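J.: this is the structure alone, sequence omitted:
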């Protein structure tokens, strides 16, 4: 789905129904050209929904901040059993000297400092 609004991913899997997982991406119209074509659609094993900032000091440029989908799972011992869902997060990208990307989760105090500003 193409959006001019905020990109996101919805993922749901309800084991009790026996159906396949449901995944829906909502991306900007430039996603295929700017994110997928250069190979940034998956970083550190996570789907990249948007590139928020670029490192222009290297060639070719590479993402340094992205919106990514983190798929999480939990177990409900009651009637539902295993459930999974996606959380969309804006994350920093750390690059190794070999060019391997790692998505960096903000620490709680980093989030608190940004919230206080």
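T.: Yep, it's here. Since this is a predicted model, take the numbers as computed values, not measurements.
J.: helix, strand or coil: sort out residue 6 for me.
T.: The three-state label given to residue 6 by DSSP: H, G, I helix; E, B strand; the rest coil is coil.
J.: just give me the neighbour total for it.
T.: 11 (other C-beta atoms under 10 Å). Glycine gets a C-beta too; all of them are placed from N, C-alpha and C.
J.: next one: residue 8
T.: Neighbourhood size, residue 8 [other C-beta under 10 Å]: 18.
J.: same check on the one 10 residues further on?
T.: When neighbours are counted by other C-beta under 10 Å, residue 18 registers 6.
J.: need the pLDDT of the residue positioned nearest the centre of the chain.
T.: The chain has residue 68 as the residue nearest its centroid, 1.2 Å off, counting by C-alpha atoms, centre = their mean. pLDDT recorded at residue 68 is 92.
J.: that one pairs with what?
T.: Judged by DSSP bridges, the bridge partners of residue 68 are residue 48, residue 89.
J.: I'd say it and residue 49 touch.
T.: Yes - Residue 68 is within contact range of residue 49, at 6.6 Å (criterion: C-beta atoms under 8 Å).
J.: who touches both of those two?
T.: Residues touching both residue 68 and residue 49 (C-beta atoms under 8 Å, 6 or more residues apart in numbering) are residue 88.
J.: nearest spatial neighbour of residue 92, chain-adjacent residues omitted?
T.: Ranked by C-beta to C-beta, 6 or more residues apart in numbering and with sequence neighbours excluded, the top spatial neighbour of residue 92 is residue 104, at 4.4 Å.
J.: in the chain, which ranges drop under the pLDDT threshold?
T.: Where the chain drops to pLDDT under 70, the residues are 1, 3-4, 12-17, 79-85, 107-117.
J.: quick one, helices of it?
T.: If DSSP state H is used as the criterion, the helices of the chain fall at 31, 108-116.
J.: elements contacting the shortest one?
T.: The one in question is helix 31. Packed against helix 31 by the contact rule (3 or more C-beta pairs under 8 Å, 6 or more residues apart in numbering; DSSP states H and E) you find no helix or strand.
J.: what sits up against it?
T.: Residues from elsewhere that reach helix 31 (C-beta under 8 Å, 6+ apart): 7, 49, 50.
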